[in-house]
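*Asks:* Dropping a prediction and its sequence here:
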Amino acid sequence: MKIAIVCDWLVAIGGAEKFLGHLLACFPDADLFAVVDFIAADQRAFLNGKPIKTTFIQQLPFAKKHYRRYLPFMPLAIEQLDLSAYDLIISSSHAVAKGVLTGPDQTHICYIHSPMRYAWDLQHQYLHETGLNKKPQGWLARYFLHKLRLWDVRSANGVDYFIANSQFIARRVQKTYRRSAEVIYPPIDIKKFTPNGPKENFYLTASRLVPYKKVDLIVESFRQLPDKHLVVIGDGPELTKIKRIAGTNVQILGYQPDNVLIKYMQQAKAFIFAAEEDFGLLPLEAQACGTPVIAFGKGGALETVRGLGETEATGVLFQTQTPQAIAEAIDTFERHGTQFTTESCTHNAARFSPRHFQQNFVQFVKTHSDSR
């Protein structure tokens, strides 16, 4: 078969980009397509030197820095990709990639990280966090989001099979598109993220510093815990705010390469994660390093973290996204710390190995492309 892999945008190394690398390991001869591609030259190893065909948005003014502002044009852009020469199209989608146009003799399998959060159930949160709910242009944003929802539902009809990255997202797919989705969990690099040495006396959080990650709540919780130390790794638009609210017991390192992140993961007492995430690679990568997790008990974390009371517990789950709830979860972790072992964490993470993912994904593709 001639295979095309389509993703949304390539601008920085995150979970979707790491996943793309695993897709290429499954199908190394596939051709790649994206709305835009601005990955730096020294971060492109996961692409194995493959060229990427992009859309007209790549050439628009200021697209490299402000590509998200062209979101209203992305449905049109993704539909201009000519995939008529391919037998199988695999889209890796959290926004518009699943909207590529395909014919009746082509198979389109969408690995969906989430329906567009900001266009569906998180629209009001998005408008609030960006301040658009209080601005006149907020009504324009609402109009475009309405149009995006109509297009998003229509484009779901062009997908033959959905694969979700978690049961949580499978439920969101059912709610949004009235379609079923098989769950195949994304992998983590368990050869790269490994335990190494004793734990030190600090907690760690790491992520892109954007509002829905709730890193500000984690930082605020340590105001109630002056005897505890927190390390924050990551960069993004919330960095200035987080520096402003951080106490003297919070160390903010900004962006760090993987080797530094892994070192801190290996040494931390626990990894703290406050987002309602679709899946959440970082908590699993921490567990692969033998580090237990303190996480918000909703979304993908319920499928990747074994809470207190479960066999081989790997962390503590808190139920509300507040500094007080996080502080209480840290206190619970301190009182039950002996229950969380390095072995339990690594055993749990091993369920998400690249080998398991590749076997399951390739078998799914073979079964469903042969059946058409």
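*Replies:* Yep, that arrived. Residues are numbered from 1 along each chain as shown.

*Asks:* C-alpha coordinates for the helix or strand of the chain with the lowest mean pLDDT, PDB please?
*Replies:* None of the helices or strands of the chain scores lower by mean pLDDT, DSSP states H and E than helix 123-130, at a mean of 77. Included here for helix 123-130 are C-alpha records, laid out as PDB according to Å, rounded to 0.1, in the frame of the first residue of the first chain:
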ATOM      1  CA  GLN A 123     -15.000  26.600  24.500                       C
ATOM      2  CA  HIS A 124     -16.000  28.700  27.500                       C
ATOM      3  CA  GLN A 125     -12.800  27.900  29.300                       C
ATOM      4  CA  TYR A 126     -10.800  28.900  26.200                       C
ATOM      5  CA  LEU A 127     -12.600  32.200  25.800                       C
ATOM      6  CA  HIS A 128     -12.100  32.900  29.500                       C
ATOM      7  CA  GLU A 129      -8.400  32.100  29.600                       C
ATOM      8  CA  THR A 130      -7.700  34.200  26.500                       C
END
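
*Asks:* Now find how far off-centre that helix is within its chain.
*Replies:* From the chain centre to the centre of helix 123-130 is a distance of 19 Å (C-alpha atoms, centre = their mean, to the nearest Å).

*Asks:* cool, and stretch 264-274?
*Replies:* Computed by C-alpha atoms, centre = their mean, the chain-centroid distance of stretch 264-274 equals 18 Å.

*Asks:* How far does that stretch stretch from one end to the other?
*Replies:* 18 Å (C-alpha to C-alpha, to the nearest Å).

*Asks:* go on, stretch 265-273?
*Replies:* With C-alpha to C-alpha applied, stretch 265-273 spans 13 Å between its terminal residues.

*Asks:* buried stuff in the helix or strand that comes right after the least confident helix or strand of the chain?
*Replies:* Next in sequence after helix 123-130, counting helices and strands by DSSP states H and E, comes helix 137-156. Within helix 137-156, the residues scored as buried using 16 or more other C-beta atoms under 10 Å are A141, L145, L148, R149, W151, D152, S155, A156. C-beta coordinates here come from the backbone N, C-alpha and C atoms, glycine included.

*Asks:* out of the residues you listed, who's nearest A30?
*Replies:* Nearest to A30 among these is S155, at 21.0 Å by C-beta to C-beta.

*Asks:* so W9, which of the three states?
*Replies:* Using DSSP: H, G, I helix; E, B strand; the rest coil, the structure places W9 in strand.

*Asks:* Spit out the contact partners of it.
*Replies:* A34, V35, V36, D37, F38, Y67, A95 (C-beta atoms under 8 Å, 6 or more residues apart in numbering).

*Asks:* which other helices and strands contact the helix or strand where the second one lies?
*Replies:* Going back to what we said before, that points to V35. Here V35 sits within strand 31-37, counting by DSSP H and E. The contact analysis (3 or more C-beta pairs under 8 Å, 6 or more residues apart in numbering; DSSP states H and E) places strand 31-37 against strand 3-10, strand 52-53, helix 74-79.
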